[in-house]
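Colleague: how does the following fold in three dimensions:
(one chain, ligands or ions: 1)
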Amino acid sequence: MDTKEQKKEILLTGDRPTGQLHLGHYVGTLRKRVELQDDPRFKQYVFISDLQALTDNARDPEKIRNNLIEVALDYLAVGIDPKKSTIFVQSQIPELAELTMYYMNLVTLARLHRNPTIKSEIKDRGFGDNIPTGFMTYPISQAADITAFNAKYVPGGEDQEPIIEQTREIVRSFNNIYGKILVEPYMILPGNDVCNRLPGIDGKGKMSKSLGNAIYLADEPSVIKKKVMSMFTDPLHLRIEDPGHLEGNIPFIYLKAFCKPEHFAKYLPEYKSLTELEQHYQRGGLGDGTVKKFLNAILQEELQPIRERRQFYQANIELVYNILEDGSKEARKVAAETLKKVRRAIGIEYFDDAELKRTYQNKYNNILSQAAAMQKKTK
Ligand code: TRP
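Modeller: All right, here's what the predicted structure looks like:
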């Protein structure tokens, strides 16, 4: 690593390989990652957290294996570039597991139970009293992911905030006890609320695979169109002339996340801005179909290059694995350096610690010579 690289701030994010990535991921963090990898102030790591995915899928490893490649394809498809960002796989960095062991001693079970993200995930999964230990402790393993790479920034959604907060606590305890080795991380949240929590097409909650309300990055154009046309709008807006409501109106919410001024000139020249479109809808006289067709045109434009890049990598799966393997090798070196520092700080790097050996030799030399002196006296 040259000195210029060292001065860069580190960004790191991961995704669990439990399904293909969708528009929620895209506006929440993927779009940002593509932008940030070109920023010369940063060095970015992007990884697939298969170990974390196993914490609640231990009995279904096939699912994780299948989705590892799907997530890798989605990363490359959106434009995360292995030449600019290091893309790696969590399970290929055993150093992370060891770091987790040391951090576990700094976190109480009570603190884990108080973590709001964990709390709600335990509820969603219906674990009851049967929470896998690995699941309960994944925030600690996530702290290892982040600190191993000295990451200062973690781009992600607000649901990750409690985990990053817990990471900061671990960093502070560690640095207090063992010396200042670890970097405290902060989140980079999406700029607006819509991107923070993109709702699903049914309007019933956040876009998610489990709710079946997602538009996937890999969806075909006809599927995207069908999903857009089926979006939940305003149930009171029965006739075109009726005044419409924007609250909870999914096409309008998506327009906030995707629409740019130039889209109007291109696809809907009767309007100049989103505000104008919204006002017309509220007044009455604007049909849902027009809004949906406009949104569909925008999404098709945004997703087409993504689909094409995906198709290229789909035809070159071995290349995708090679990218992951190379990235993992590079990442492992960095994690190994941090681990070494951590072990040294804790004081368990016994065998290459000349000072330690000298200290104990001196201690016993002293004891020996004192004993010899005593013996002389008593004689
Ligand atoms: N918890 C993240 C998710 O639910 C995945 C993840 C694992 C992660 N380790 C991380 C994200 C470190 C950011 C930084 O998808």
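
Colleague: please give me every residue in contact with Lys340.
Modeller: Glu349 (C-beta atoms under 8 Å, 6 or more residues apart in numbering). Quick note: C-beta positions are derived from backbone N, CA and C, even for glycine.

Colleague: list phi and psi for it.
Modeller: phi -60, psi -50 (degrees, to the nearest 10).

Colleague: how about Ile10?
Modeller: Per-residue torsions, Ile10: phi -100, psi 130 (degrees, to the nearest 10).

Colleague: that one: how many residues sit nearby?
Modeller: Applying other C-beta atoms under 10 Å, we find 18 other residues in the vicinity of Ile10.

Colleague: ditto for Met101
Modeller: 11.

Colleague: same thing with Lys227?
Modeller: By the criterion of other C-beta under 10 Å, Lys227 has 20 neighbours.

Colleague: so where do the strands sit in the stretch 201-350 of the chain?
Modeller: With strands called from DSSP state E, counting those that start in this stretch, the stretch 201-350 of the chain shows none.

Colleague: ok now do the residue of it at minimum distance from the ligand, which residues does it touch?
Modeller: Nearest to the ligand, among the residues of the stretch 201-350 of the chain, is Ser208, at 11.3 Å (C-beta to the nearest ligand atom). Ser208 makes contact with 24, 200, 214, according to C-beta under 8 Å, 6+ apart.

Colleague: of the residues you listed, select the buried ones using a PyMOL command.
Modeller: The PyMOL selection below is limited to those of the contacts of Ser208 classed as buried (16 or more other C-beta atoms under 10 Å):
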select buried, resi 24+200+214
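
Colleague: please identify which helix or strand holds Leu11.
Modeller: Assigned by DSSP states H and E, Leu11 falls within strand 9-15.

Colleague: now do the same contact list for Gly285.
Modeller: 240-241.

Colleague: could you redo the last one with a cut-off of 10 Å?
Modeller: 239-244 (C-beta atoms under 10 Å, 6 or more residues apart in numbering).

Colleague: same check, this time on Met229
Modeller: Counting by C-beta under 10 Å, 6+ apart, Met229 has contacts 201, 251, 288-289, 292-293, 295-296.

Colleague: buried ones only from the contacts of Gly285, please, as a PyMOL command.
Modeller: Only the buried entries of the contacts of Gly285 go into this PyMOL selection, using 16+ other C-beta under 10 Å:
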select buried, resi 244
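
Colleague: re the thing from before, mind checking if the strand holding Leu11 is in reach of the ligand?
Modeller: Yes. Remark: strand 9-15 sits within contact range of the ligand at 12-15, by C-beta under 6 Å from any ligand atom.

Colleague: I'd like the next helix or strand past that strand.
Modeller: helix 23-25.

Colleague: wait, isn't Leu286 in contact with Arg239?
Modeller: No. Leu286 lies out of contact with Arg239 (C-beta atoms under 10 Å); the separation is 11.4 Å.

Colleague: other SSEs contacting the strand holding Leu11?
Modeller: helix 31-36, strand 42-48, helix 50-54, helix 61-78, strand 85-89, helix 138-148, strand 153-155, strand 186-188 (3 or more C-beta pairs under 10 Å, 6 or more residues apart in numbering; DSSP states H and E).

Colleague: could these be laid out in TSV, adding mean neighbour count and distance to the ligand?
Modeller: As requested, those are exported to TSV (neighbours: other C-beta atoms under 10 Å; distance: least, C-beta to the nearest ligand atom, whole Å):
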stretch	mean neighbour count	distance to the ligand
helix 31-36	18	11
strand 42-48	24	7
helix 50-54	24	5
helix 61-78	19	10
strand 85-89	24	12
helix 138-148	26	4
strand 153-155	22	5
strand 186-188	16	9
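
Colleague: possible to save the ones you listed as CSV with mean pLDDT?
Modeller: Shown next, in CSV, are the helices and strands packed on strand 9-15 (pLDDT from 0 to 100):
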stretch, mean pLDDT
helix 31-36, 94
strand 42-48, 98
helix 50-54, 98
helix 61-78, 98
strand 85-89, 98
helix 138-148, 98
strand 153-155, 95
strand 186-188, 95
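
Colleague: could you dump the ones you listed to JSON lines with distance to Lys260?
Modeller: Formatted as JSON lines, these follow (distance: least, C-beta to C-beta, whole Å):
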{"stretch": "helix 31-36", "distance to Lys260": "13"}
{"stretch": "strand 42-48", "distance to Lys260": "24"}
{"stretch": "helix 50-54", "distance to Lys260": "34"}
{"stretch": "helix 61-78", "distance to Lys260": "17"}
{"stretch": "strand 85-89", "distance to Lys260": "25"}
{"stretch": "helix 138-148", "distance to Lys260": "33"}
{"stretch": "strand 153-155", "distance to Lys260": "21"}
{"stretch": "strand 186-188", "distance to Lys260": "21"}
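
Colleague: these: which one's closest to Leu277?
Modeller: Of all the helices and strands packed on strand 9-15, helix 31-36 sits nearest to Leu277, with 22.5 Å by C-beta to C-beta.

Colleague: hang on, the earlier thing: ok, so of the contacts of Ser208, who is nearest Ala148?
Modeller: Out of the contacts of Ser208, the member with the shortest distance to Ala148 (by C-beta to C-beta) is Gly24, at 27.0 Å.

Colleague: contacts only, for the closest one.
Modeller: 30, 157, 195-200, 206-209, 213-215, 257.

Colleague: among those residues, name the buried ones.
Modeller: Of the contacts of Gly24, these count as buried by 16+ other C-beta under 10 Å: 30, 157, 195-200, 206-207, 209, 213-215, 257.

Colleague: helices - which of the residues you listed land there?
Modeller: 195-196, 257 (DSSP state H).

Colleague: residues from the stretch 101-250 of the chain in reach of the ligand?
Modeller: Near the ligand, when you scan the stretch 101-250 of the chain using C-beta under 6 Å from any ligand atom, you find 142, 145-146, 154, 156, 160.

Colleague: mind redoing it with 5 Å?
Modeller: 142, 145, 154 (C-beta under 5 Å from any ligand atom).

Colleague: output the below-cut-off pLDDT ranges for the chain.
Modeller: Low-confidence segments of the chain, defined by pLDDT under 70, span residues 1-6.
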